[in-house]
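Asks: curious how this folds, go ahead:
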Amino acid sequence: MKILAFDSATSACSAAIWRDGEIPARRFVAMERGQSEALIPMVVEVLKEAGLTYAEIDFIAVTVGPGSFTGVRIGLAAARGMALAGGLPVIGVTTFEAVAKGVGAAERAGRGLVVAIDAKRTDIYAQSFGPDLAALGPPAAVMPEVLAKALPAGPLLVAGDGAAQLRPALEAADMDRIRFASGSGAPDAAHIAALAAERTVTAPVDAAPRPLYLRPPDARLAENGGARR
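Replies: This next block holds a predicted model:
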């Protein structure tokens with residue numbers, strides 16, 4: 001099984017190939033902007049490095065959000081365009097799931113996991129997971145101080161590129177039970193591919209995954225039909 005996975009939803013851009021349980025090619029670059037220019041060249045590079053063509057890919061995997069409105073749309077548009085051209089199924093993975101998958105078993109041992117994604121506003125996107133990475137509740141857009149008061153009981157690990165934004169609110173909480181995960185905190189296409197591989201076995205593949213937005217975009221239509229903020 002060969003999966004092409006990529007992400008442009010948050011504070012990085014990445015692409016990877018999954019082939020029969022291994023990652024023969026991967027690219028990951030932290031970036032706040034520029035994903036629209038970086039994504040397709042990354043995809044071309046990982047395909048070339050893995051010695052594959054589009055025709056040899058079995059599935060495409062992509063993050064569906066939440067994250068930057070533009071970044072989410074870039075990834076989904078690329079995935080749908082490639083899927084249409086190649087007649088391929090697309091597997092959608094949330095940014096929460098991708099970040100959680102990237103936290104090693106040793107680091108999260110015996111701890112619940114809170115994934116915090118930078119929403120570029122005063123609130124953050126967050127979702128809690130158990131030690132086995134099973135979701136403990138739905139994702140939400142929430143203020144850091146509200147989240148700090150509603151964290152699950154027991155030892156916790158905080159991951160994601162919104163962790164730094166959450167840290168001040170946690171200083172008033174029981175920090176002895178809370179640690180911060182290592183790494184960039186952004187989704188990595190290698191982990192997205194691994195999740196997609198699991199889903200091709202355990203669940204039906206969604207032919208057209210939809211974006212996950214936890215609040216509306218900043219831009220909206222003006223009365224004359226033009227866009228305004």
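Asks: and stretch 29-39, end to end?
Replies: 10 Å (CA to CA, to the nearest Å).
Asks: with stretch 116-124 instead?
Replies: For stretch 116-124, the first-to-last residue distance is 6 Å (CA to CA).
Asks: give me the contacts around it.
Replies: Contacts with stretch 116-124, where a contact means CB atoms under 8 Å, 6 or more residues apart in numbering, come from 10-11, 66-68, 95-96, 99, 125-126, 141-144, 147, 158-163, 165-166, 214-215. Where you see a C-beta, it was placed from the backbone N, CA and C, and this is true even at glycine.
Asks: again, only using 7 Å
Replies: Stretch 116-124 is contacted from outside by 10-11, 66-68, 95-96, 125-126, 141-144, 158, 160-163, 165-166, using CB atoms under 7 Å, 6 or more residues apart in numbering.
Asks: helices - which of these land there?
Replies: Under the assignment DSSP state H, these contribute 95-96, 144, 163, 165-166 to helices.
Asks: Serialize those residues to JSON lines and add fields for neighbour count, pLDDT and distance to Ala186.
Replies: Formatted as JSON lines, the ones in helices among the contacts of stretch 116-124 follow (neighbours: other CB atoms under 10 Å; pLDDT from 0 to 100; distance: CB to CB, whole Å):
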{"residue": "Thr95", "neighbour count": "28", "pLDDT": "98", "distance to Ala186": "8"}
{"residue": "Phe96", "neighbour count": "27", "pLDDT": "98", "distance to Ala186": "12"}
{"residue": "Pro144", "neighbour count": "19", "pLDDT": "94", "distance to Ala186": "19"}
{"residue": "Ala163", "neighbour count": "21", "pLDDT": "94", "distance to Ala186": "11"}
{"residue": "Gln165", "neighbour count": "19", "pLDDT": "93", "distance to Ala186": "14"}
{"residue": "Leu166", "neighbour count": "23", "pLDDT": "92", "distance to Ala186": "15"}
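Asks: mind listing what Ala30 touches?
Replies: Ala30 sits next to 11-12, 184, 186 when contact means CB under 7 Å, 6+ apart.
Asks: least confident of those?
Replies: The member of those with the lowest pLDDT is Ser184, at 85.
Asks: and the gap between the spatially closest residue to that residue that is not a sequence neighbour and Ser11?
Replies: Once flanking residues are discounted, Ser184 sits nearest to Ala30: 5.7 Å by CB to CB, 6 or more residues apart in numbering. Distance, Ala30 to Ser11, by CB to CB, to the nearest Å: 6 Å.
Asks: try Arg80
Replies: Per CB to CB, Arg80 is found 23 Å from Ser11.
Asks: check Leu76 too.
Replies: Leu76 sits 18 Å away from Ser11, going by CB to CB.
Asks: what ranges do the helices span in this protein?
Replies: For the chain, helices defined by DSSP H occupy the ranges 35-50, 69-86, 95-101, 105-108, 144-149, 163-170, 189-202.
Asks: looking at the ones you listed, which is buried most?
Replies: Most buried of these by mean neighbour count (mean count of other CB atoms under 10 Å) is helix 95-101; its value is a mean of 26.
Asks: quick one, what contacts Ala135?
Replies: Ala135 touches 127, 129, counting by CB under 7 Å, 6+ apart.
Asks: much appreciated, bye for now.
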